[in-house]
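In: fold the stuff below for me.
(chains A, B and C)
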Amino acid sequence: MPEGHTIHRLAEDCLTHFGTGTGTGRNVHVTSPQGKFADAAALLTGTPLHTAEAHGKHLFLHFGDADAEERVHIHLGLFGKVTFGPAPAPPPTDTVRLRLRNDTAYMDLRGPTTCALITDAEKQAVHARLGPDPLRPDADPARAYARVARSRTTIAALLMDQKVIAGVGNVYRAEVLFRHGIDPYRAGKDITPAEWDAIWADLVALMREGVRHNRIDTVRPEHLPEAMGRPPRVDDHGGEVYVYRRATLPCHICGGEIRTADLAARNLFWCPSCQQR
DNA sequence: AATGCATGCGCAG
DNA sequence: TGCGCCTGCATTA
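Out: The predicted model follows:
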């Protein structure tokens, strides 16, 4: 589930269900059925959710008054998952790290890499080590390009480096490179300013769409299955894509075989004939 | 029942 | 570069 769009959607949903003004009482019950976050939960429970904010794949929840120091820092990692449901909340299973609950809804967090109480200074340190996030209004794409343009690392690896650009994961990386016909093995320093501008603008649009639909769709309307006379995609990870997890299948555009390879311990997918630039 | 795999990342060496 | 960590699901035996 977790690329940046998931986390931004999660921030929105947290505010929708638990922000001040939701429910009949403004306070949120906070528990940690699994126990690893129990001390912090005890400290936070009974306070209102003031803000919820995402930067890349990091989520920050701010409980209490505006000047309250503690913030919850959540990172889903590879397996972390969040589920929402209506009140009354069912008995939690023993893997629920964090449960939020009010009189209208509940939210369960399982398997996160990080779920910790941090100070505002620690939160600022997280922001400082993250690159610009296409989903944040304060993002400066030139900051990302400055790093890309002086790097001999492949553009495929740079797009996954959260210090360079925050929020892009394995799916968006593969898909945006396909959409721009860019060979994933090209060095960052060979990416032109115009190419970067196009990649960035595309990520902004794709990821906003990702937040809206809570899934990753990257296929242009004219290439959708129905437009191409193909059956619609049936897949466990959701959206309509060009190359992600389509190894050995025919490319939607040229019909050639989609390839896969290991790149920095992740599976890279691309179409060698469509992506030669 | 055991194994493998996943939209992530930090760390040691 | 490889390993560990968090969990759930599908596949294999």
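In: that's a strand at A:Asp227, yeah?
Out: Small correction: residue A:227 is Ala, not Asp. No: counting by DSSP: H, G, I helix; E, B strand; the rest coil, A:Ala227 is not part of a strand but helix.
In: any idea how far the closest residue to it other than its chain neighbours is from DNA strand C?
Out: Residue nearest to A:Ala227 in three dimensions, not counting chain neighbours: A:Pro221, with 6.6 Å by CB to CB, 6 or more residues apart in numbering. C-betas here are computed from N, CA, C, even on glycine. Taking CB to the nearest atom of the strand, to the nearest Å as the measure, A:Pro221 falls 30 Å from DNA strand C.
In: quick one: the residue in the stretch 101-250 of chain A positioned nearest to DNA strand B from A:Leu203, how far?
Out: Taking CB to the nearest atom of the strand as the measure, the point where the stretch 101-250 of chain A comes nearest DNA strand B is A:Gly169, at 2.3 Å. Here the distance between A:Gly169 and A:Leu203 works out to 11 Å (CB to CB, to the nearest Å).
In: pull the distance from the helix or strand hosting A:Ile7 to the chain's centre.
Out: With elements taken from DSSP states H and E, the one containing A:Ile7 is helix A:4-18. Mean-position distance between helix A:4-18 and its chain equals 11 Å (CA atoms, centre = their mean, to the nearest Å).
In: count the neighbours of the residue of the stretch 101-250 of chain A closest to DNA strand B for me.
Out: Neighbourhood size, A:Gly169 [other CB atoms under 10 Å]: 21.
In: now A:His50
Out: Counted with other CB under 10 Å, the neighbours of A:His50 add up to 17.
In: kindly report the same for A:Asp217.
Out: Burial of A:Asp217, expressed as a neighbour count using other CB under 10 Å, amounts to 17.
In: from A:Ala157, how far out is it?
Out: A:Asp217 sits at a distance of 24 Å from A:Ala157 (criterion: CB to CB).
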